[in-house]
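Visitor: sequence and predicted structure below; questions after.
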Amino acid sequence: MKRVVAGLVMVMLLPLGAAFADDVKLGVLLGYTGPIESLVGPMADGAELAIKEVSDSGALLGGLQVVSVRGDTTCIDSAAATAAAERLITADQVNAIVGGDCSGVTIAVLQNVAKPNGIVMISPSATSPALSTIEDDGLFFRTAPSDARQGEVVADILQEMDIGEAALTYTNNDYGKGLADSIEANFKMRGGTITISAPHEDGKGDYSAEVAALDAVGGDILIVAGYLDQGGKGIIQAALDSGAFDQFFLPDGMIGDSLVEAIGADLNGSIGTVPGTDSPGAARLEEIAGMASGPFVSESYDAAALILLAMQAAGSTDSGDFKDHVMAVANAPGEQIFPGELEKALGILANGGEIDYVGASAVELVGAGESAGNYRQMAVEDGALVTVRYR
């Protein structure tokens, strides 16, 4: 995984006492430890790039500065994530939150902390279909698409590869179960068969029993809807060691360079999906960052940008005021805005104009405020993740 904006962490993480009285504070609530920690550093850098861009412009609400305050969800520990969110809101007094990341902790934070305190959250990576209908008082949005959409894409790819039977294992939480159900339902609609859909727990040292159960029913490919730095990696290694499977489908939580580096050449021939687009905004983000981005980095930049643009549109940093402006700045009509153009967007809004924030991930918010859904089809070739096409 290539990092975005080297050194940005030190620039943005100012000590609390260094903030001006009228600073805007955004919580960046992600799993800095846990099963996706190799993905999270670049994601935070992406969000903080947008924060720095707006702060440096001096164009937010008459010149307010913006600082970020990080909190750790761990991805999987809802109690820890809730405590981190409470600290961000009560002690650090953030105006809004970029996050959470994994679906279960995001649901917990929204229900137990953000909603009771009236704080806007925009998640760059929580993909559970349950978040599409959750009661949120209009406070929750996400720049990543629902796994209801990812299930369709996975099933399309399997069908195009003439795969008739697949075994499936998923991390035993909201994300894993929701994605597994979506994949199975969509694959069945296309005439395919899921031979087994079995949960696995993260944090185990031995996955031979889980792999034996998967191997007993077999399949042309093993779909691993897990986490690349935890149980998903363990399942793949155990399957390779036992000879049970030699080809794997890797949904978004499994896409990252750390997995390829850990498994090595045996992962060649595997395929996967991750939110992504070949829109001009994606290339523009890489240009201004000075290096390639990774999974959910574009969505993280866009989440932070949307919060700050909605504040400008509302003329307020209060979540209760600007929550009703997020959809308006994200969608047409208005002048299209790409990464590196946040100062221009702030000026248009300050003068009463309209913007259509396209951003780095081709943002279009639908329904209750989630991405319509663009995906990058991936493959592992010669020990590296490569892009096959966009969907």
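Guide: Arrived safely.

Visitor: can you give me the strands for the stretch 51-200 of the chain?
Guide: Counting by DSSP state E, counting those that start in this stretch, the stretch 51-200 of the chain has strands at residues 66-72, 96-99, 120-123, 140-145, 165-171, 193-200.

Visitor: out of these, which one sits most buried?
Guide: Ranked by mean neighbour count, the strands of the stretch 51-200 of the chain are led by strand 96-99 with a mean of 33 (mean count of other CB atoms under 10 Å). (C-beta placed from N, C-alpha, C; glycine too.)

Visitor: list the strands paired with that strand, with their directions.
Guide: Strands that pair with strand 96-99, judged by DSSP bridges, come out as strand 24-30 (parallel), strand 120-123 (parallel).

Visitor: can you give me the neighbour number for the residue lying closest to Gln377 once chain neighbours are set aside?
Guide: Spatial nearest neighbour of Gln377, excluding adjacent residues (CB to CB, 6 or more residues apart in numbering): Val388 at 4.3 Å. As a burial measure, Val388 scores 14 neighbours (other CB atoms under 10 Å).

Visitor: about what we covered before: output the strands of the stretch 51-200 of the chain as a markdown table; include the columns mean pLDDT.
Guide: Shown next, in a markdown table, are the strands of the stretch 51-200 of the chain (pLDDT from 0 to 100):
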| stretch | mean pLDDT |
| --- | --- |
| strand 66-72 | 98 |
| strand 96-99 | 98 |
| strand 120-123 | 98 |
| strand 140-145 | 97 |
| strand 165-171 | 98 |
| strand 193-200 | 98 |
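
Visitor: now distance to His325 too, for those, in TSV please.
Guide: Conversion of those to TSV gives the following (distance: least, CB to CB, whole Å):
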stretch	distance to His325
strand 66-72	17
strand 96-99	12
strand 120-123	10
strand 140-145	11
strand 165-171	35
strand 193-200	40
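
Visitor: quick check, Val94 in contact with Val66.
Guide: No: Val94 sits out of contact with Val66 when judged by CB atoms under 8 Å, with a separation of 10.8 Å.

Visitor: and the one residue sitting closest to the centre of the chain, how close does it get to Phe296?
Guide: Centroid-nearest residue in the chain, with CA atoms, centre = their mean: Ser125, separated by 1.8 Å. For Ser125, the distance to Phe296 equals 4 Å [CB to CB, to the nearest Å].

Visitor: okay, and the common contacts of the two?
Guide: Met43, Asp101, Ala144, Asp252 (CB atoms under 8 Å, 6 or more residues apart in numbering).

Visitor: give me the subset of these that lies in helices.
Guide: Met43 (DSSP state H).

Visitor: and of the shared contacts of Ser125 and Phe296, the nearest to Glu287?
Guide: Comparing these against Glu287 with CB to CB places Met43 closest, at 18.7 Å.

Visitor: how many neighbouring residues does Gln312 have?
Guide: 25.
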